[in-house]
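Chemist: next comes the sequence, and after it the predicted model I'd like to discuss.
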Amino acid sequence: MSASPNAVELAPGTHWIGALDPALREFDIILKTANGTTYNSYCVRGDNGVAIIDTVKASHADEFFARLEQVARYDEISTIVLNHLEPDHSGALPELMRRAPQAKLYISAKAQLMLKALVKTDDLQFNIVTTGDRVALGGRTLHFFSTPFLHWPDTQCTLVEEQGILFSGDVFGCRFCAPRLFNDKVGDFRFSFEYYYQHIMRPFREHVLEALELLEPLPLKTIAPAHGPILRDTPQSYLQRYKQLAAPLLHNEVGANDKSLLVFYISSYGNTALMARAVAEGA
C-alpha cells in the first residue's frame, strides 16, 4: 500500500495533512491493528490565519510536514490545537512549534501537565479552552467541546462552525489505514470501528453518553477523527451507533451509581468455590 503524497481537501480551505501507517500491527498492547492505522492531522485556513488540528506520531513527522507545506507556510500558522496529547497525536508538536513559533497553542485544562512532560521547557506558552470557547480565524471559527476520558482525561473535540466539520480526536475513530481516507471510499471498516470502541471507549461509556449530549445537536457534515476513515457520508449514523453501543443492554444492568462486586475463583475440589460463595453471600 503506497502513501498518497498529497494533502487531501475536506472542504474549501480545510485539508487532511496526516500520515499513513499501514504496517502497524499492535497498539497499546491491547489492540490488534490488522489494517494498520492513520494519524490524522488537519489544516484549516481562515482569512486571518491558519490552524493546525493535532499532529502525528514522531516517526511519521516528515510525512506530516511535507503535506502541511503543500497547503500553508509556517509563518501563516496562527493556531495549533491539540485535542489529545497521546504521543501519536502530539509527536510532531515540538518541531511544529519550532517552525511556527508565533502560533498560539490551545489545549484542555487537564492537558497542562502532560504538555510540560512532552515539551520539556519552562517557558512554554499555551491557552486553556473548554466547552463554548471559540477561536476566530477570519471566516472560520473553531468551537471547542470538552469530552474528558474519551479516552484520556485531556480529550476534547473541535468544530469548524461554518463548515460543520468536527475534529473528534479518538472518539468515532478506529485503527484502519486506507489511502482513500473517506468512509464512502475505503470499503467495509465496521469491524475496526466497533473493535476500537469495545477496546478503547467501552470502559468510559458513561463519558461517551455525556459527550453525545454535547455533540448530537450539532449540524455536522463531517466527523474527522484522529485515526481511521474521515466520516463524511451520514456522519450522524456514527453518533447513533455509539449511543447504541454505550447504552445498557439489560433493564437491570448495574448503573453508574450502583455498587457491584465480582468474585472470581477457580476450584479444583470445590473448597475454593465454597469460600467464594461465602464471600458473595456475606457481601
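Modeler: Here it is on my side, so go on.

Chemist: please make it C-alpha for all contacts and neighbour counts, starting now.
Modeler: Will do.

Chemist: check which helix or strand covers the residue nearest to M114 when sequence neighbours are not counted.
Modeler: Closest residue to M114 apart from its sequence neighbours, by Cα to Cα, 6 or more residues apart in numbering: L85 at 6.9 Å. Assigned by DSSP states H and E, L85 belongs to neither a helix nor a strand.

Chemist: what is the neighbour count of L85?
Modeler: For L85, the neighbour count with other Cα atoms under 10 Å is 24.

Chemist: quick one, what contacts it?
Modeler: A111, M114, L115, D154, T155 (Cα atoms under 8 Å, 6 or more residues apart in numbering).

Chemist: for it, give its distance to V160.
Modeler: Here L85 is placed at a distance of 20 Å from V160 (Cα to Cα, to the nearest Å).

Chemist: which intervals of the protein have sub-threshold pLDDT?
Modeler: Along the chain, segments meeting pLDDT under 70 span 1-5, 28-29, 121-122, 250-257.

Chemist: helix, strand, or coil at Y195?
Modeler: Recorded secondary structure, Y195: helix (DSSP: H, G, I helix; E, B strand; the rest coil).

Chemist: list phi and psi for the nearest residue in space to it that is not next to it in sequence.
Modeler: Leaving aside its sequence neighbours, Y195 sits nearest to C174 (Cα to Cα, 6+ apart; 7.9 Å). Main-chain torsions, C174, degrees, to the nearest 10: phi -170, psi 170.

Chemist: number of nearby residues for C174?
Modeler: If you count neighbours by other Cα under 10 Å, C174 ends up with 26.

Chemist: that one touches H227, doesn't it?
Modeler: Yes - in terms of Cα atoms under 8 Å, C174 counts as a neighbour of H227; the distance is 5.5 Å.

Chemist: name the residues contacting each of the two.
Modeler: With Cα under 8 Å, 6+ apart, C174 and H227 have common neighbours T37.

Chemist: mind listing the helices for the protein?
Modeler: Ranges of helices in the chain, per DSSP state H, are 61-71, 87-90, 93-99, 112-118, 190-196, 205-215, 236-246, 271-282.
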